[in-house]
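Trainee: Provide a 3D model corresponding to the input given below.
(2 chains)
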Amino acid sequence: MAKFVGQRLAYLLPVLLAVSLLTFLIASLLPGDLAYTILGDQATPEKLAALRAQMGLDLPIWQRYGLWLWDVLHGDLGRSFRTGETVVNAVLDRLPVSLELMVLAELIGLAIGIPLAILCAVKSGSATDRFLTGLAFGNLSLPSFLVAILLIFLFAVQLNWLPATGWVPFGEDPLVNLRSFVLPALTLAFAEWPALMRVLRSDMIATLQEDYIAMARAKGLRPARILLVHALKPSSLTLVTVTGINIGRLIGGAVIVESIFALPGIGRLLVGAIQARDFIILQGVVLFVATGFVLVNFIVDMLYAVLDPRIRHGRA
Amino acid sequence: MSGVVSGAVSAPLLSVEGVAVELPTPRGRLRAVDKVDLALAPGRTLGIVGESGCGKTMLSRAILQLLPKRARLEGRVMFGGRDLATLDPESLRRLRGPELAVVFQDPMTSLNPVLTIGTQIIETLQAHLGMDATTAFKRGTELLAAVGIPAPGQRMRQYPHQLSGGMRQRVAIAIALSCEPKLLVADEPTTALDVTVQAQILDLLAREQQRRHMAMILITHDLGVVAGRTDEVAVMYAGRIVERAPTPALFARMRMPYTEALLAAIPKLDSAPHTALPAIPGRPPDPTRPLPGCSFAPRCRYADELCGRAKPALEDPDDAGAPYACWHPISGARTSWSASSP
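Mentor: The predicted structure is shown next:
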């Protein structure tokens, strides 16, 4: 197991290096001169040249990358030239919101997807299975802004059960905080559960054909144990992968949902940075999000090993 | 184990009555098992022999009630006086383990790859014998030791892929025996194993069968496997039983040309070098297109016009306790069956 973890960690370094290089290149190659953006169209050529020299923009690109990477490795991702806020602070400020939204959405998605997948796999080919599979497909094709508006209309406007906006920090009032997350998390979960259900359903149907399931039945085990212990665990590798990809995606915030429900998450930070042409923030957030994605995938790899001893022992 | 030809008159533990299994296929209904009758008394052993595709595995699945969902079962599977086919799932679950157990063909696929050996034994003990975890672990270790697994305490914590095929089949046997079943169905238990361990596994099964006075059905394609290890043999061909006899009687005087051909197909040490093995010519009939006459007729050297026209019933005209289904049974001593004849 230690060897397996070490191996995966060794893969991680070059990937992260490539991520940093790509992030830097994308931000550098964007059209527009950073010094010009900062100083505005009233700037004199002398002032522009001075700022370029101060920011190192006149250096060759590989040298600028080296300097930037050096700073990044020391925890300095720069600061916004508009607000003066450091990138690290800006991200850390918004991160809890996006993380809370992501965790709640995944939990709801899994809570709906897993039981329905098991039900469909057990009754595969039945009317129940066909109905639920069709429902999942229909759900998958609903865009999240539409789901959000429908949920707001139903639960906030008509029934008045839940707020559509009004986020407060968790530390200030946990209950109000959680209530404000219900509708956005549900909106995201609506897009999550169909995919989770469909991959688990098809893997589970395949697993239920295995000899070891016939053996488990021949041993006289209870149906619940056969499904939840013998069938679910070996069927969940794809489920874990898809969940990991979703989590990785949501680390970057859910732009549309955060905007509709006025949640101050990473997604809105990113959109704001693009609109204000705030390259430093943009570059920092992209690096952060990409690194988060890579780390989540590393965790998914570790989970494979936890789920399947053959991977743990390097045999598969 | 052999010796007693008839006599055992105790009520049968298992009686299979007119069992047929049909599977839907794109080419029509496949009749995998066609009206099979069998009976097995407590503590006795029955060998079911036939080529691949003859329906022996489907018959065993029908006995165990482990048929595929879409399969259709006809007839009755009476076990301990109850028809397993009509039993509710919970009652059937309670029978599996303490009454009825199975060893599958391939131990590479019959053990769950993501659960430890220990878990897979312990869960069976806990499901039926109500043992607590500590007792069940201790009992599981003893069971592994009893089937000849070295360092059983260590094996309990390992996963199936860490064991060899022979060891895995021993684990599967230990699991099957864990709740002291009255009937063990062993479906080609050695086919997937190395030749060197086949005999060990068969001997282990025979020893445990005798020690526990457990009834056993041994399914195989190899007449040599059932020879010294069963009380009775049933030969299957194209979904039907074509000959059934007490084991010694069968080997002394087989009546059905198919049985004879099966025996001839076993390689022998005393045959001259470089002689071709007398394989059975042709292939078994397409089970979705049943023949009007004897299913073996197209491959049989004794077949005539009658064989192609009418299906012989499984009958015992000599009252020898050895019924066969053939219009032209082999009489007298064993003849050597030649594969080259048309």
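
Trainee: number of residues surrounding B:D318?
Mentor: Neighbour count of B:D318, defined by other Cβ atoms under 10 Å in any protein chain shown: 11. C-beta coordinates here come from the backbone N, C-alpha and C atoms, glycine included.

Trainee: which residues in the stretch 101-250 of chain B form strands?
Mentor: B:183-187, B:215-220, B:232-237, B:240-246 (DSSP state E, counting those that start in this stretch).

Trainee: can you put the ones you listed in a markdown table and add mean pLDDT?
Mentor: Formatted as a markdown table, the strands of the stretch 101-250 of chain B follow (pLDDT from 0 to 100):
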| stretch | mean pLDDT |
| --- | --- |
| strand B:183-187 | 94 |
| strand B:215-220 | 94 |
| strand B:232-237 | 93 |
| strand B:240-246 | 91 |
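
Trainee: how far does stretch B:117-127 sit from the chain's center?
Mentor: 25 Å (Cα atoms, centre = their mean, to the nearest Å).

Trainee: could I get the average pLDDT for that stretch?
Mentor: Confidence for stretch B:117-127, expressed as mean pLDDT, is 95.

Trainee: quick one: contacts of that stretch?
Mentor: For stretch B:117-127, contacts defined as Cβ atoms under 8 Å, 6 or more residues apart in numbering or on different chains pick out A:219-222, A:225, A:229, B:97, B:111-112, B:131-133, B:136-137, B:139-140, B:143-144, B:155-160, B:163, B:171, B:174-175, B:178-179.

Trainee: just those: which are in helices?
Mentor: Of the contacts of stretch B:117-127, the ones assigned to helices by DSSP state H are A:225, B:133, B:136-137, B:139-140, B:143-144, B:155, B:171, B:174-175.

Trainee: which among the residues you listed count as buried?
Mentor: B:136-137, B:139-140, B:143-144, B:155, B:171, B:174-175 (16 or more other Cβ atoms under 10 Å in any protein chain shown).

Trainee: which of these lies closest to chain A?
Mentor: Using Cβ to the nearest Cβ, B:I175 comes nearest to chain A of those, at 6.6 Å.

Trainee: surely that closest one meets A:A218?
Mentor: No - counting by Cβ atoms under 8 Å, B:I175 stays clear of A:A218, with 9.3 Å between them.

Trainee: who in the stretch 201-316 of chain A is up against chain B?
Mentor: The interface of the stretch 201-316 of chain A toward chain B, taken as Cβ under 8 Å from any Cβ of the partner chain, is made up of A:210-212, A:214-223, A:225, A:229-230, A:233-234, A:307-310, A:313, A:315.

Trainee: cutoff 7 Å now
Mentor: Within the stretch 201-316 of chain A, the positions lying close to chain B (Cβ under 7 Å from any Cβ of the partner chain) are A:210-212, A:214-215, A:217-222, A:225, A:230, A:233-234, A:307-310, A:315.

Trainee: for A:R82, which residues are in contact?
Mentor: Contacts for A:R82 (Cβ atoms under 7 Å, 6 or more residues apart in numbering or on different chains) come out as A:276, A:278.

Trainee: any idea how far it lies from A:F279?
Mentor: 11 Å (Cβ to Cβ, to the nearest Å).

Trainee: also B:A174?
Mentor: 67 Å.

Trainee: again, but for A:G125
Mentor: Counting by Cβ to Cβ, the gap between A:G125 and A:F279 amounts to 55 Å.

Trainee: of those two, which one has the most company?
Mentor: Using other Cβ under 10 Å, the more surrounded residue of A:G125 and A:F279 is A:F279, with 20 against 11.

Trainee: residue contacts, B:A136?
Mentor: Counting by Cβ under 7 Å, 6+ apart, B:A136 touches B:122, B:125-126.

Trainee: ok, now with 8 Å
Mentor: Neighbours of B:A136 in contact, by Cβ under 8 Å, 6+ apart: B:121-122, B:125-126, B:129.

Trainee: and those, which of them are in helices?
Mentor: Per DSSP H, these map to helices at B:121-122, B:125-126, B:129.

Trainee: as a check, name the ranges of all helices in chain B.
Mentor: Going by DSSP H, chain B shows helices at B:56-64, B:89-95, B:107-110, B:117-129, B:133-146, B:152-155, B:165-177, B:195-212, B:223-227, B:247-252, B:257-264, B:305-309.

Trainee: just send these back as CSV, with distance to A:A2 too.
Mentor: Listed next are the helices of chain B as CSV, based on distance: least, Cβ to Cβ, whole Å:
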stretch, distance to A:A2
helix B:56-64, 43
helix B:89-95, 42
helix B:107-110, 28
helix B:117-129, 23
helix B:133-146, 27
helix B:152-155, 20
helix B:165-177, 26
helix B:195-212, 34
helix B:223-227, 46
helix B:247-252, 55
helix B:257-264, 54
helix B:305-309, 69
